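Trainee: Need the 3D shape of this:
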Amino acid sequence: MLNKYIDSKKDEMIQKLKELINIPSVYEKSDDQNMPFGKNANSALEYILNLGDSLGFKTKNVDGYCGYIEFGKGSELVGIIGHLDVVPANDNWTYSPFNATIHDNKIYGRGAIDDKGPVIASLYAMKAVMDNCQINKRVRLILGLDEERSWKCINYYKEHEEIPSIGFSPDADFPCIYAEKAILTTYLSTEYKPNVESNIYIKEIDCNNNPDNVVPKICTILLSITDNIDMSQLISNLKDIISKYNFNINYEIIDDNNLKIASHGKEAHSAHPDLGINAISRLIVTINDLLKHYNNNIDLFEFFCKFINTQYDGKNLGINYKDESGTLTLNVGNFFYNNNRITIGINMRIPINTTIDTIENAYLDKLSSYINIRYEKKDSKKALYVDKNSYLVRTLCNIFNEMNNSNFEPIAIGGATYARAFDNCISFGANIPGQKDICHQSDEFITIDNLVFASKTYAKAIYELSK
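Mentor: This is a model prediction of the structure:
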């Protein structure tokens, strides 16, 4: 009954997802207290709440920070926690990231799988249950607008609204997620004042990237070259360094005294840095070698090349931790120069049985002999762990396996979902085992089959948790 109902809504789901994708809900700085995350994020919230109204649900805009869509009766609340904000999109897309395109049974666009597609799947799953089943609890789809940055939206919700007693977040993988690694984001910086008496110095660094969630695809640096440096010889030295490492780095001579160097990588989710190619780390290694050739050493770069380099597993730092949730991973996600400081942002995903303090202390131990490097802890999130044999994990895992005719076990991930914001909540879909994870990458998509399957699976889960 539920499956047939959702099949009948297939075309409507596709159309609504396309319309939602077309709203470029990337965070924007805002002075409007009613739109704390910018006009586009607010437009996405208004769109989905209006859709919820038209489908017969109760809706609420929670002061522009978030919103919810609800149905049912009863004292107990089942939560489905998703988000409408998306990460930025670069220019390397086959299809426009904010003009949803259907090709080869796939819906392309930023947010298709993270998290707008799963949100639409969840909404129509709720509609199927509301129109076809009797339940004894209330079901609420909670929608955040700042998941990709600081979680201010969900924190605001928790301060002002009812907390679900059980629930899931449609923001990761099937069969279900019983554990999410801890997260530590840090900044390393050093004072750097350009000295015109130096033969070569840094003028600008450009890498518009969020260290918390994306492996950087491109990073550039502008060097000033004094007249006593032979530009042709410097270019020859640069070519030798690039060739030695086989990095995808090019350069542009702006004029006789300015050289722009660009490093190119491959973007990926920072929870899976091994799936990407880090443009920042390769540029730092290259620039460090070039500056050392001209006796311009920067301690921050020396530390980076010795203990971090182009690795993504923390081994160079001597903190190679691993458990059932996986290995420690490291993403060099940010690199900038302002206010006479050069700064590198690093994001780590820490196995569930290792404390954040353990990693931080090992990190600081390596930094102890570098007095010119400042360490700053930007953010951290504790790990999520729900027993594999708990009612919630077993129920959701069994539902997926029944729907998929499979026998998968619950898994652990390095990503962070809203599930860790609530007790008795785990992440559930929408990526299917064996499916390529294109979250935060170019040409993000969700297959139409996956969209419909996820909605049917969520409908079954909603009914089981609320009957």
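Trainee: Surely residue 238 is in a helix?
Mentor: Yes - when DSSP: H, G, I helix; E, B strand; the rest coil is applied, residue 238 is found to be in a helix.
Trainee: got a list of what it touches?
Mentor: 251, 261, 286, 290 (Cβ atoms under 8 Å, 6 or more residues apart in numbering). Heads up, the C-betas are built off the backbone N, CA and C, glycines and all.
Trainee: can you rerun that using 7 Å?
Mentor: Contacts here follow Cβ atoms under 7 Å, 6 or more residues apart in numbering; on that basis residue 238 touches 251, 290.
Trainee: That one and residue 291: what is the separation?
Mentor: Distance of residue 238 to residue 291, given as Cβ to Cβ, to the nearest Å: 11 Å.
Trainee: wouldn't residue 114 be in contact with residue 439 here?
Mentor: Yes - counting by Cβ atoms under 7 Å, residue 114 touches residue 439, with 4.5 Å between them.
Trainee: Sketch out the helices for the stretch 351-467 of the chain, chain order is fine.
Mentor: With DSSP state H, counting those that start in this stretch as the criterion, the stretch 351-467 of the chain has helices at 356-367, 391-404, 448-466.
Trainee: Output the longest one in CSV with nothing but the alpha carbons.
Mentor: Which is helix 448-466. What follows is helix 448-466, C-alpha atoms only, in CSV (Å, rounded to 0.1, in the frame of the first residue of the first chain):
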residue,chain,number,x,y,z
ILE,A,448,15.4,8.5,-9.6
ASP,A,449,15.3,4.9,-8.5
ASN,A,450,17.2,5.8,-5.4
LEU,A,451,14.9,8.7,-4.6
VAL,A,452,11.8,6.5,-4.9
PHE,A,453,13.4,3.6,-3.0
ALA,A,454,14.5,5.9,-0.2
SER,A,455,11.0,7.3,0.2
LYS,A,456,9.5,3.8,0.4
THR,A,457,12.1,2.8,2.9
TYR,A,458,11.5,5.9,5.0
ALA,A,459,7.8,5.3,4.9
LYS,A,460,8.3,1.8,6.3
ALA,A,461,10.6,3.2,9.0
ILE,A,462,8.2,6.0,10.0
TYR,A,463,5.4,3.5,10.4
GLU,A,464,7.4,1.1,12.4
LEU,A,465,8.7,3.8,14.8
SER,A,466,5.4,5.5,15.3
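Trainee: Can you give me the distance of residue 138 to residue 404?
Mentor: For residue 138 relative to residue 404 (Cβ to Cβ), the value is 28 Å.
Trainee: Comparing these two, which residue is more hemmed in?
Mentor: Neighbour comparison, residue 138 and residue 404: the larger count goes to residue 138, with 19 against 15 (by other Cβ atoms under 10 Å).
Trainee: before we move on, back to that, ranking the helices of the stretch 351-467 of the chain by burial, who's on top?
Mentor: helix 448-466 (a mean of 23; mean count of other Cβ atoms under 10 Å).
Trainee: relative to helix 391-404, how tilted is that helix?
Mentor: In terms of direction (axes from the mean of the first three to the mean of the last three Cα atoms, to 10 degrees), helix 448-466 departs from helix 391-404 by 140 degrees.
Trainee: Quick one: list the elements packing against helix 448-466.
Mentor: helix 2-8, helix 10-21, strand 77-83, helix 116-132, helix 391-404 (3 or more Cβ pairs under 7 Å, 6 or more residues apart in numbering; DSSP states H and E).
Trainee: again, 6 Å this time
Mentor: helix 2-8, helix 116-132, helix 391-404 (3 or more Cβ pairs under 6 Å, 6 or more residues apart in numbering; DSSP states H and E).
Trainee: how far is it from where the chain is centred?
Mentor: Relative to its parent chain, helix 448-466 has a centroid offset of 24 Å by Cα atoms, centre = their mean, to the nearest Å.
Trainee: Tell me where the model's unsure across the protein.
Mentor: 195-197, 211 (pLDDT under 70).
Trainee: Break it into its domains for me.
Mentor: In terms of domains, the chain is parsed into 2-180+384-466, 183-381 (source: automatic domain parsing).
Trainee: most neighbours per residue, which of the ones you listed?
Mentor: domain 2-180+384-466 (a mean of 20).
Trainee: Please report the separation between the first and final residues of that one.
Mentor: Taking Cα to Cα, to the nearest Å, domain 2-180+384-466 runs 15 Å from one end to the other.
Trainee: Check stretch 190-210 too.
Mentor: End-to-end distance (Cα to Cα), stretch 190-210: 20 Å.
Trainee: and if you look at stretch 430-445?
Mentor: Start-to-end, stretch 430-445 (Cα to Cα) is 12 Å.
Trainee: got it, and stretch 208-219?
Mentor: 8 Å.
Trainee: same question, stretch 28-45
Mentor: OK, stretch 28-45 end separation, Cα to Cα: 14 Å.
Trainee: right, so of the helices and strands packed on helix 448-466, which gets closest to residue 342?
Mentor: helix 116-132 (36.6 Å; Cβ to Cβ).
Trainee: For the closest one, give me every contacting residue.
Mentor: Helix 116-132 is contacted by residues 1-2, 5-6, 9, 13, 16-17, 20-21, 55, 71, 80, 82, 139, 141, 170, 430, 446, 451, 454-455, 458-459, 462-463 when judged by Cβ atoms under 6 Å, 6 or more residues apart in numbering.
Trainee: OK, contacts around residue 237?
Mentor: Residue 237 neighbours (Cβ under 6 Å, 6+ apart): residue 293.
Trainee: how about 10 Å then?
Mentor: Residue 237 makes contact with 230, 289-290, 293-294 under the criterion Cβ atoms under 10 Å, 6 or more residues apart in numbering.
Trainee: ditto for residue 355
Mentor: 182, 321, 361, 382-383.
Trainee: May I see those residues organised as CSV, with distance to residue 329 added?
Mentor: Below are the contacts of residue 355 laid out as CSV (distance: Cβ to Cβ, whole Å):
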residue, distance to residue 329
182, 11
321, 10
361, 19
382, 17
383, 14
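Trainee: Once you drop chain neighbours, what's closest to residue 156?
Mentor: residue 65 (4.0 Å; Cβ to Cβ, 6 or more residues apart in numbering).
Trainee: that older thread, could you dump the helices and strands packed on helix 448-466 to a markdown table with distance to residue 206?
Mentor: Shown next, in a markdown table, are those (distance: least, Cβ to Cβ, whole Å):
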| stretch | distance to residue 206 |
| --- | --- |
| helix 2-8 | 46 |
| helix 116-132 | 29 |
| helix 391-404 | 43 |
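Trainee: Which of the helices of the stretch 351-467 of the chain sits closest to residue 32?
Mentor: Nearest to residue 32, of these and by Cβ to Cβ, is helix 448-466 at 32.9 Å.
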